[in-house]
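J.: Next comes the sequence, and after it the predicted model I'd like to discuss.
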Amino acid sequence: MAVTSGEGDVGPGFGDARVKIDARVKIFDTTLRDGEQSPGISLNLREKVEIAEQLTRLRVDVIEAGFPIASQGETEAVQAIAKVVTGPVVAGLARCDPRDIDRAAEALAVAARPRIHTFIATSEIHMKAKLKLTPAQVLTAVKESCERARRHVDDVEFSCEDATRSDPEFLVEVFGAAARAGATTLNLPDTVGYSLPEEFAALLTYLRSEVSREVIWSVHTHDDLGLAVANAMAGISAGARQVEVAVNGIGERAGNCSLEEIVMALRTRRSASRSDTAVATKEIARTSRLVSMLTGYPVPPNKAIVGANAFAHEAGIHQHGVMMDRTTYEIMDPVDVGLEGSRIVLGKHSGRHAFVKALEDLGFSLNQEEMARAFARFKGMADRKIRITDVDLEAIVVDELSSDEDDYELVSIQVAGGTHLSPTATVRLRRGDEVIDESAIGDGMIDAACGAIQRAAGIDARLESFTVSSVTGGIDALGDVTIVLATQGGGGTHAGDRPERRATGRGVSTDVVEASARAYLSAANRLIRITTSIASSPSVPPSSP
Ligand code: KIV
Ligand code: ZN
């Protein structure tokens, strides 16, 4: 007999779409805002738009596109996303400050469905140490900010930062003021990932009964204690109808509630939770790959839902069970999350038309220059790899998209080495019209290639980590290399010390030396981008999220 915690949860009928649900939970995706705040991530405008388009295919309800006041680049990215996204609501983050709110409104002006998401900290420690405001001043700022945001847009979300360490009675006052001033969604963040599920549910239950049941309550959970998904689930059971998530769970520190985990928990245990989302789950694997490639954050192999081993069975007894009946050890069908295996789409003889068509089918819309670059990469790859699958195509296109006009571009690489020869590498980089050739000797060919790039790009950084995996299986698999570079910071203990900066880069190729060179260059480009954007943007005071 099946053991269930709700009717029909386990067995072939689990996740059954026919089970009646009581609640449709909105998915508010913050990959491009909170996710992008992860150390070492710095997405360019084109990459952000690509992710927003994929989130639209995934059918999330809200895309938090960025924090417009943070920099000019951030404002432009929010504007670009607001322009192309028509289905989901596009949200821009703003502190409870008139300049932030006006800037968010300006960035969202072209959005079909704009939302201003405004927030302020409400815990004693944040109000005293960070904001230097009294509770009464915070209340006034909340009221004025929500009213101001409502003058710009109809859809206003308000969050109490560090809510789970705030006085619950003060939260009632603050959320109440926000709702009366026109906020339509009230968000309860566990900013520092401190809460336990029962506490979080109790707090939301209390707030709903004391403030209002008419607004949409939302939850925003962080994973510092590994409880982000559990807390979000507890919030949903206490009446939250929006959950804030990031793809692959990326985000500040230990990250945010993972989109794929909460969506599949609700879908798989639909009859127990009586809730579901509108997410097109078959797009999950692709979304995860895209975000991982563009952010340079690899997905751990044992990560739930999207990790390489999430559906792998190692023990003989498990393999035997799965062969007899998949549901002995699989509670989800990998097909439902888009892991149905890669399709062979192209080969050596495929021409430009077939290539363009394959990219269109995958939903990529590249401009002429990007298409030319991607096609050249494809041709180079087709000489070395017999079957090119949709996953390979995705990897090369995404790898190409990461290069911006100002970035250094890898034109060519030559390496030599072996048992009797000192490993040497010569690289040619291009930056705009400038062509730079450099060579280096290293401990191995990868080390030599990275050294040559370091010289050519004039970057002073140390290699912090290096990981190689494969994109697809087989001997002609694409090597997927992730590199983390860090600048030589001053340790950060003395005023004036140069803070250490970190950037992650990924590169793919059938050749692991080339993949490593691409990954190194991508991290170097990001490091340069991070350093220049910090130098050129007006500093956002420390009350940024
Ligand atoms: O974690 C947090 O408190 C946030 C808010 C801005 C919602 O990210
Ligand atoms: Zn957050």
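T.: Happy to help now that I have it. Residues are numbered from 1 along each chain as shown. Ligands and ions are numbered 1, 2, ... in the order given.

J.: where does this structure have low pLDDT?
T.: Scanning the chain for pLDDT under 70 picks out the ranges 1-17, 313-314, 318, 320-322, 341-342, 403-406, 489-499, 533-545.

J.: Near ligand 1, which residues of it are found?
T.: Within the chain, the positions lying close to ligand 1 (Cβ under 6 Å from any ligand atom) are D34, F119, S159, E161, N187, P189, T191, H220, H222, P545. Where C-beta positions appear, they are placed from N, C-alpha and C, glycine not excepted.

J.: and the longest helix for this structure?
T.: In the chain, taking DSSP state H as the definition, the longest helix is helix 512-536.

J.: Can you point out the buried residues in that helix?
T.: 512-530 (16 or more other Cβ atoms under 10 Å).

J.: Could you pull out the helices in the stretch 401-545 of the chain for me?
T.: 445-457, 512-536 (DSSP state H, counting those that start in this stretch).

J.: Now do S465 against G442, distance only.
T.: According to Cβ to Cβ, to the nearest Å, S465 stands 17 Å off from G442.

J.: let me fix that: I27
T.: 46 Å.

J.: The two: which has the busier surroundings?
T.: Neighbour count, other Cβ atoms under 10 Å: between I27 and G442, I27 has more, with 23 against 18.

J.: Excluding residues flanking it in the chain, which one is nearest the more buried one?
T.: Nearest residue to I27, sequence neighbours excluded (Cβ to Cβ, 6 or more residues apart in numbering): V60, at 4.4 Å.

J.: so what's that neighbour up against?
T.: Contact analysis of V60 by Cβ atoms under 8 Å, 6 or more residues apart in numbering lists I27, F28, D29, P88, L259, V279.

J.: Show only the entries of the residues you listed found in helices.
T.: Here DSSP H is the test, and these give L259 as lying in helices.

J.: Check the gap between the residue nearest to R343 when sequence neighbours are not counted and V299 for me.
T.: Nearest non-adjacent residue to R343, counting by Cβ to Cβ, 6+ apart: D390, 5.1 Å away. For D390, the distance to V299 equals 18 Å [Cβ to Cβ].

J.: cool, and R274?
T.: The gap separating R274 from V299 is 30 Å, by Cβ to Cβ.

J.: Outside of stretch 151-160 itself, list whatever touches it.
T.: Contacts of stretch 151-160 (Cβ under 8 Å, 6+ apart): 89, 91, 101-102, 104-105, 108, 113-122, 142, 145-146, 149-150, 166, 171, 174-175, 178-179, 182-189, 218, 220.

J.: So which of these are in strands?
T.: 89, 91, 114-121, 185-189, 218, 220 (DSSP state E).

J.: What residues sit buried inside stretch 351-365?
T.: By 16+ other Cβ under 10 Å, the buried positions in stretch 351-365 come out as F355, A358, L359, F364.

J.: Which other helices and strands does the helix or strand where the third one lies contact?
T.: Translated: L359. Assessed by DSSP states H and E, L359 sits inside helix 352-361. Counting contacts by 3 or more Cβ pairs under 8 Å, 6 or more residues apart in numbering; DSSP states H and E, helix 352-361 packs against strand 344-346, helix 368-384, helix 390-401.

J.: who does the first one touch, helix- and strand-wise?
T.: Taking 3+ Cβ pairs under 8 Å, 6+ apart as contact, the helices and strands that strand 344-346 lies on are helix 352-361, strand 388-389, helix 390-401.

J.: any idea how far ligand 1 is from L421?
T.: 53 Å (Cβ to the nearest ligand atom, to the nearest Å).

J.: what residues are up against whatever residue of the stretch 251-400 of the chain ends up closest to ligand 1?
T.: Residue nearest to ligand 1 within the stretch 251-400 of the chain (Cβ to the nearest ligand atom): E252, separated by 6.6 Å. Residues in contact with E252 (Cβ under 8 Å, 6+ apart) are D34, Q37, S38, H222, P545.

J.: which residues does the fourth one contact?
T.: Residues counted as contacts of H222 (Cβ under 8 Å, 6+ apart) are 189-193, 228, 251-257.

J.: want to throw the residues you listed into TSV with distance to I69 and secondary structure?
T.: Formatted as TSV, those follow (distance: Cβ to Cβ, whole Å; DSSP: H, G, I helix; E, B strand; the rest coil):
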residue	distance to I69	secondary structure
P189	19	strand
D190	24	strand
T191	19	coil
V192	23	coil
G193	25	coil
A228	26	helix
G251	19	coil
E252	18	coil
R253	22	coil
A254	26	coil
G255	24	coil
N256	21	strand
C257	25	coil
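
J.: Just the buried ones among those, please.
T.: P189, D190, T191, V192, G193, A228, G251, E252, A254, G255, N256, C257.

J.: related to what we said a few turns ago, now, the most widely separated pair of the contacts of V60?
T.: Maximum pairwise distance in the contacts of V60, criterion Cβ to Cβ, is 13.0 Å, between P88 and L259.

J.: between those two, who's got more neighbours?
T.: Neighbour tally, P88 and L259, criterion other Cβ under 10 Å: the higher count belongs to L259, 33 against 25.

J.: mind checking which helix or strand the closest residue to that one other than its chain neighbours is in?
T.: In space, and not counting its chain neighbours, L259 is closest to V245: 4.0 Å by Cβ to Cβ, 6+ apart. Using DSSP H and E, V245 falls within strand 242-245.

J.: Walk me through which strands that strand pairs with, and which way each runs.
T.: Neighbouring strands of strand 242-245 in its sheet, by DSSP bridges, are strand 26-29 (parallel), strand 216-221 (parallel).

J.: Kindly export that strand (C-alpha atoms) in CSV.
T.: Only the C-alpha atoms of strand 242-245 are listed here, as CSV (Å, rounded to 0.1, in the frame of the first residue of the first chain):
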residue,chain,number,x,y,z
GLN,A,242,3.8,34.2,-4.2
VAL,A,243,7.2,32.7,-3.7
GLU,A,244,10.5,34.5,-4.6
VAL,A,245,13.1,32.2,-6.1
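
J.: hmm, who's touching it?
T.: 25-30, 34, 61-62, 64, 185, 187, 189, 216-221, 232, 235-236, 256-259, 262-263.

J.: Now do K26 against G182, distance only.
T.: From K26 over to G182 (counting by Cβ to Cβ), the distance is 19 Å.

J.: Can I take it that A129 is in a helix?
T.: Yes - applying DSSP: H, G, I helix; E, B strand; the rest coil, one finds A129 inside a helix.

J.: How many residues are close by it?
T.: By other Cβ under 10 Å, 11 other residues sit near A129.

J.: how much space between it and D162?
T.: Distance of A129 to D162, computed by Cβ to Cβ: 11 Å.

J.: Show me what I27 is bridged to.
T.: V243.

J.: Identify the residues contacting it.
T.: V60, D61, V62, Q242, V243, V245, L259, V263, T277, A278, V279.

J.: Buried among those residues? Need that as a selection in ChimeraX.
T.: Filtering the contacts of I27 down to the buried ones (16+ other Cβ under 10 Å) takes a single ChimeraX command:
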select :60,61,62,242,243,245,259,263,277,279
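
J.: Please produce a markdown table containing the contacts of I27, extended by distance to R343.
T.: Converted to a markdown table, the contacts of I27 look like this (distance: Cβ to Cβ, whole Å):
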| residue | distance to R343 |
| --- | --- |
| V60 | 25 |
| D61 | 29 |
| V62 | 31 |
| Q242 | 35 |
| V243 | 32 |
| V245 | 28 |
| L259 | 24 |
| V263 | 24 |
| T277 | 27 |
| A278 | 26 |
| V279 | 22 |
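
J.: Look up phi and psi at the residue sitting furthest away from the middle of the chain.
T.: Distance from the C-alpha centroid of the chain, by Cα atoms, centre = their mean, peaks at H420 (44.8 Å). As for H420, its main-chain torsions (degrees, to the nearest 10) stand at phi -110, psi -10.

J.: Likewise for T419?
T.: The phi/psi pair for T419 (degrees, to the nearest 10) reads phi -70, psi -30.

J.: Could you shift the numbering so residue one becomes 410, and keep it that way?
T.: With the count now opening at 410, the last piece we talked about shows up as T828.
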